[in-house]
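Asker: Let's see this in three dimensions:
(chains A and B)
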Amino acid sequence: MLIAAVALLASVLTYVEATGPTTTAFLGATCAWTPPLRLFPGFINPIFFAIAVYVWSRLSTTPSLQDRMGRFVFCSLLFFSASNVVLIANHFFVLWIALEVSTLAAAPLIVRAETRASRLASFRYVLFSSVGLALVLLGFVCLSRSMEAAGQPPTFFLDRLRVVAGATSNDWGGALGLALIILGLGTKLGLAPMYSWLPEVYDHAPPAVTALLGAVQFNAALVFLLRVVQVFRPTHPGLVASVLLAMGLVSMVVSTFSIIATRNMVRLIAYASINHAGVIAIRLGVGKSASYGLLLYVISNAFIKAILFLTAGTIEARYGTKDTSRHRRLAQGAALQRQYSSWSAPSPCSASHRLAAFFGELLILSALVGSGHLFVFAAFCLLITMTFVATGRTVFPMIWGESKQRHIGQRQTLISATPKLFFLLVLLVLGIYIPRSSTRHIQQVAFRWRARDHFASGTPGPSGSATAPGCLRLAPRRPRSIEGGRPAAHALWSTRQRSSLDHFRVQGSNGRHGRHAHIDYRRGGLPRADVEFSRASRLRTRGSRADRRSRRRPSLAQADPL
Amino acid sequence: MLISFTFSDFLVGSPGEQQTLVAVASAGILLGFLVLSAQSGPFSQMVGVLRLENAIVLLERGGGGREEPLGVQVGLAGVFLATVAFFRWYLSYLGRDNPRRAPTPRARRRRPMRPYELVSETALEP
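Answerer: Residues are numbered from 1 along each chain as shown, chains lettered A, B, ... in the order given. Now for the predicted structure:
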């Protein structure tokens, strides 16, 4: 109850604070509550709350679990606090410390009573995490040396680092440091080559802890990676792209063949998590720090992972095995009514819950084509198809096949099923109709992340050109729907880039909505409008003119020290 | 060692205390990775991680007088101490119930056959 109350309070505070437009710095500016970062606590804290409710319901039905609850409560609250600090930190060392603390807090949670395999899994988790975070620390040391060599005072405050990061661009020490940081954070995300801890840990940890690791800590590590990429992509674009693309593709290959080979239900989901991490790495490698599609994919996958791991734990408790060949007819009889509806729901066959992730993948594919990475696009499509077929080959018989195993455990109660139903509801909302406020919030976050990319690189922002150190100022005029003229405009842009013109403007109109569109292109910069805004433009065209005017995004011209 | 000292030459340039410090720290990092990759036991791997972390701290301390905020320094030290405490906890857990290593069936097959068994030494004496 204590964990649930704290998580609920944090969720409410997150939503209350989300309405404030300003940036709040505290603890000596090592932490800052900035508008772009409010998205992640907005879905991580509710997930934590739902998992706490699940644990509470399990305790009410299984009194024997109460002996270990003191340690569980302490470690969970520490994990929760550290994960939230990761999301709001403004200093790379604070980020590092918070991520390490969350790792150390999660390690005792992995251990199941009197199970040697879970102890070994917990040890491997701490070992791999320590090595990965040691690599990150080593990368920071290399970057610090590189800044010193360039005559810049080394700093790891994010707002100051953006100004001096350019000093590391011509130094091999900076490149080495950045590669080590990405490799170390890839270890925490479960990316190849150091991914082998993830299936073992997810397999042996209790279901609630696995859901915490997959949905909460994964996103905390992802925020760390996003911030690193956001700062250093403008100074090392080739290095960031090549390292992330290589890690993402290898992760997808490894996870695809592992999904084909495994017959363990939890490991199957764990390998799917590696696959998701690979998709995210590829999107980060080819594009900007964040985009609407990427954020949508990340949010939906957090909920999908939470629901899948909790449901896998329920199935294991019910049947006493994780072997997928022993689970059959999960979609029939009483099982369908309450117990396994959440397992069958996110399976590939019921695509409504996967729509948000599917839509995110489509946007990622369009970004791959748009950036000219056709080989990566082809490999991505092939691997995703293989993963889909392999998952379906395992999951479909589980849902409809002949039953071989008799159940040995109790049926879950309605309270323990409630968190999964909540996740299911969120996935339905994300897949069928995203509330306008949520869409606007995600777009604003993506917009701000992208704008910071432009600011750090010294190029004009996505909707303006006025940028100053320490104060990101965007012009109030924003691009409108450009779908009609975009392909021709991009082709013209690439032509003009070759002909060394500095600045030109493309004008056209979108015939469907009769809107006049204009796109500004500058040499060395990015166009004012991009594909991520096409969905927003479509949404804005619905309703009356007054509605459209009132639904326009608010001005993003506030001063933002980050 | 050769790689470490070459790396130090390349990184620092002028010979002196800094160069030696960087060389020792780099050697520690490489040896830590060597231990991690070559050893499979929990204790040896813990030694490898601690060796790696010590070398990184040494490399970081050898920098040009950069100072982080006090809270950050305390946090870093606390995390290192907590990591050591965790390793101690794992060692007690994993070492306590470590089952006696029984010969695998393959090793059992490889054991040379003994046609005569020694029952007891006293029985052989007249």
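
Asker: got the residues of chain B near chain A?
Answerer: For chain B, the residues in contact with chain A (Cβ under 8 Å from any Cβ of the partner chain) are B:11, B:29, B:36, B:42, B:45-46, B:49, B:52-53, B:56, B:59-60, B:63-64, B:66, B:68-69, B:71-72, B:75-76, B:78-79, B:82-83, B:86-87, B:90, B:93-94, B:97. To be clear about C-beta, it is placed using only N, CA and C from the backbone, and glycine gets the same treatment.

Asker: ok, now how distant is the nearest residue to residue A:65 once chain neighbours are set aside from chain B?
Answerer: Residue nearest to residue A:65 in three dimensions, not counting chain neighbours: residue A:59, with 5.5 Å by Cβ to Cβ, 6 or more residues apart in numbering or on different chains. Using Cβ to the nearest Cβ, to the nearest Å, we find residue A:59 at a distance of 24 Å from chain B.

Asker: List only buried entries from the residues of chain B next to chain A.
Answerer: Among the residues of chain B next to chain A, those buried by neighbour count (16 or more other Cβ atoms under 10 Å in any protein chain shown) are B:11, B:29, B:36, B:42, B:45-46, B:49, B:52-53, B:56, B:59-60, B:63, B:68-69, B:72, B:75-76, B:79, B:83, B:86-87, B:90, B:93-94.

Asker: Out of those, which sit inside helices?
Answerer: By the criterion of DSSP state H, membership of these in helices covers B:11, B:29, B:36, B:42, B:45-46, B:49, B:52-53, B:56, B:59-60, B:72, B:75-76, B:79, B:83, B:86-87, B:90, B:93-94.

Asker: With adjacent residues omitted, what lies nearest to residue 39?
Answerer: Since no chain was named, I'll use chain A. Residue A:39 sits nearest to residue A:445 (Cβ to Cβ, 6+ apart), 4.6 Å away.

Asker: that's the other chain; I wanted chain B
Answerer: The shortest distance from residue B:39 to any non-neighbouring residue, by Cβ to Cβ, 6+ apart, is to residue B:45 (5.9 Å).

Asker: Run a quick check on that neighbour versus residue A:127, I expect a contact.
Answerer: Yes. With contacts counted by Cβ atoms under 8 Å, residue B:45 reaches residue A:127, the gap being 5.7 Å.

Asker: Poorly predicted segments of the chain, please.
Answerer: Let's take chain A. For chain A, the stretches flagged by pLDDT under 70 are A:1-3, A:5, A:7-25, A:28, A:34-37, A:114, A:287-290, A:327-355, A:401-412, A:447-562.

Asker: other chain: chain B
Answerer: For chain B, the stretches with pLDDT under 70 are B:13, B:63-66, B:95-126.

Asker: got the contact list for the residue in chain B that chain A sits nearest to?
Answerer: Residue nearest to chain A within chain B (Cβ to the nearest Cβ): residue B:75, separated by 4.1 Å. Residue B:75 makes contact with A:93, A:94, A:97 under the criterion Cβ atoms under 8 Å, 6 or more residues apart in numbering or on different chains.

Asker: Buried ones from these, can you make that a ChimeraX selection?
Answerer: A single ChimeraX command selects the buried members of the contacts of residue B:75 (16+ other Cβ under 10 Å):
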select /A:93,94,97
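
Asker: Filter the contacts of residue B:75 down to the ones in helices?
Answerer: Among those, DSSP H puts A:93, A:94, A:97 in helices.

Asker: so where do the helices sit in the stretch 151-300 of chain A?
Answerer: A:158-164, A:172-189, A:197-204, A:207-212, A:218-232, A:237-261, A:265-286, A:292-319 (DSSP state H, counting those that start in this stretch).

Asker: okay, now residue A:75: neighbour count?
Answerer: A count of nearby residues for residue A:75, using other Cβ atoms under 10 Å in any protein chain shown, gives 18.

Asker: Apologies, that question was intended for residue A:190.
Answerer: For residue A:190, the neighbour count with other Cβ under 10 Å is 29.

Asker: For it, which residues are in contact?
Answerer: Residue A:190 sits next to A:197, A:198, A:218, A:251, A:273, A:274, A:277 when contact means Cβ under 8 Å, 6+ apart.

Asker: how about those residues in CSV, adding distance to chain B and neighbour count?
Answerer: Shown next, in CSV, are the contacts of residue A:190 (distance: Cβ to the nearest Cβ, whole Å; neighbours: other Cβ atoms under 10 Å in any protein chain shown):
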residue, distance to chain B, neighbour count
A:197, 12, 21
A:198, 18, 27
A:218, 20, 24
A:251, 21, 28
A:273, 24, 27
A:274, 21, 25
A:277, 23, 28
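
Asker: How much space separates residue A:86 from residue A:302?
Answerer: Distance, residue A:86 to residue A:302, by Cβ to Cβ, to the nearest Å: 15 Å.

Asker: the more surrounded of the two?
Answerer: Between residue A:86 and residue A:302, residue A:86 has the larger neighbour count (other Cβ under 10 Å), namely 29 against 25.

Asker: Would you agree the more buried one is in contact with residue A:226?
Answerer: No. The pair residue A:86 / residue A:226 is not scored as a contact, 11.2 Å apart, by Cβ under 8 Å.

Asker: Now residue A:31: phi and psi?
Answerer: With angles defined as degrees, to the nearest 10, residue A:31 sits at phi -130, psi 150.

Asker: before we move on, back to that, how many neighbouring residues does the residue nearest to residue A:65 have?
Answerer: Around residue A:59 there are 16 other residues, counting by other Cβ under 10 Å.

Asker: Can you name the next helix or strand after the helix or strand harbouring it?
Answerer: Assigned by DSSP states H and E, residue A:59 belongs to helix A:39-61. Following helix A:39-61 in sequence order, the next helix or strand is helix A:69-88 (DSSP H and E).

Asker: give the contact list for residue A:278.
Answerer: A:191, A:192, A:247, A:248, A:249, A:250, A:251, A:252, A:255.

Asker: What number of neighbouring residues does the second one come out with?
Answerer: In this case it means residue A:192. 22.

Asker: Surely it and residue A:247 touch.
Answerer: Yes. If you go by Cβ under 8 Å, residue A:192 and residue A:247 touch, sitting 6.0 Å apart.

Asker: quick one: common contacting residues for these two?
Answerer: Residues touching both residue A:192 and residue A:247 by Cβ under 8 Å, 6+ apart: A:186, A:278.

Asker: if we can go back for a sec, pretty sure the residue nearest to residue A:39 sits against residue A:43.
Answerer: No. Here residue A:445 does not reach residue A:43: they are 11.7 Å apart, not a contact under Cβ under 8 Å.

Asker: now residue A:32, what's its secondary structure?
Answerer: Put simply, residue A:32 is strand when judged by DSSP: H, G, I helix; E, B strand; the rest coil.

Asker: what's the distance between it and residue A:211?
Answerer: 29 Å.

Asker: higher neighbour count, these two?
Answerer: Higher neighbour count among residue A:32 and residue A:211: residue A:211, with 31 against 21, using other Cβ under 10 Å.

Asker: All good on my end, thank you.
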